[in-house]
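Novice: Build me a structure from this.
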Amino acid sequence: KQVGTWLGDGALGPVMVLYKKDGKYFIDSVFSGGGKNTNAYVAKSLPDGGLRLEEPDNGFGEYYILKKDGVLEGWGENGKYMALPPFRT
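Specialist: As a prediction, this is how the structure comes out:
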């Protein structure tokens with residue numbers, strides 16, 4: 001089940017598709033050249049209705065926050081490094 005879609009890093013960035021399959025969350029990063037990366041995430045519900053998505057073997061301390069309004073935020077050790085509005089096709 002598709003949860004959301006975002007356009008990463010401007011026009012040249014990948015399209016990021018978040019979906020849930022068999023109780024797990026995945027993000028496909030689809031590149032304009034045809035390549036695709038898929039990463040699995042562990043999801044934790046947040047008190048404000050959002051979702052925190054973290055890779056199981058996350059050594060870098062980076063994670064995503066999916067806000068209730070559909071904005072996907074990227075967070076790391078230096079704080080928030082991106083905020084992508086939902087992409088409507």
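
Novice: C-alpha only now, for contacts and for neighbours.
Specialist: OK.

Novice: these two touch, right, K21 and K1?
Specialist: Yes: contact status for K21 versus K1: in contact at 6.5 Å, counting by Cα atoms under 8 Å.

Novice: Buried residues, the lengthiest strand in the chain. List them.
Specialist: The single longest strand within the chain, with elements called by DSSP state E, is strand 36-45. Of the residues in strand 36-45, those with enough neighbours to count as buried (16 or more other Cα atoms under 10 Å) are A40, Y41, V42, A43.

Novice: Which strands and helices lie in contact with it?
Specialist: Under the contact criterion of 3 or more Cα pairs under 8 Å, 6 or more residues apart in numbering; DSSP states H and E, the helices and strands touching strand 36-45 comprise strand 24-30, strand 51-54.

Novice: can I get those in JSON lines with distance to G61?
Specialist: Supplementary listing: the helices and strands packed on strand 36-45 in JSON lines, determined by distance: least, Cα to Cα, whole Å:
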{"stretch": "strand 24-30", "distance to G61": "17"}
{"stretch": "strand 51-54", "distance to G61": "9"}
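
Novice: Which of the ones you listed sits closest to D69?
Specialist: Distances from D69 to each of these were compared using Cα to Cα; the minimum, 11.2 Å, belongs to strand 51-54.

Novice: What is the subsequent helix or strand relative to that closest one?
Specialist: If you walk from strand 51-54 toward the C-terminus, the next helix or strand you reach (DSSP states H and E) is strand 63-66.

Novice: Rounded mean pLDDT for whichever helix or strand comes after that next one, please.
Specialist: Towards the C-terminus, the helix or strand next in line after strand 63-66, according to DSSP H and E, is strand 72-76. Averaging pLDDT along strand 72-76 yields 95.

Novice: who does strand 72-76 pair up with?
Specialist: Looking at strand 72-76 with DSSP bridges, its partner strands are strand 63-66 (antiparallel), strand 79-84 (antiparallel).
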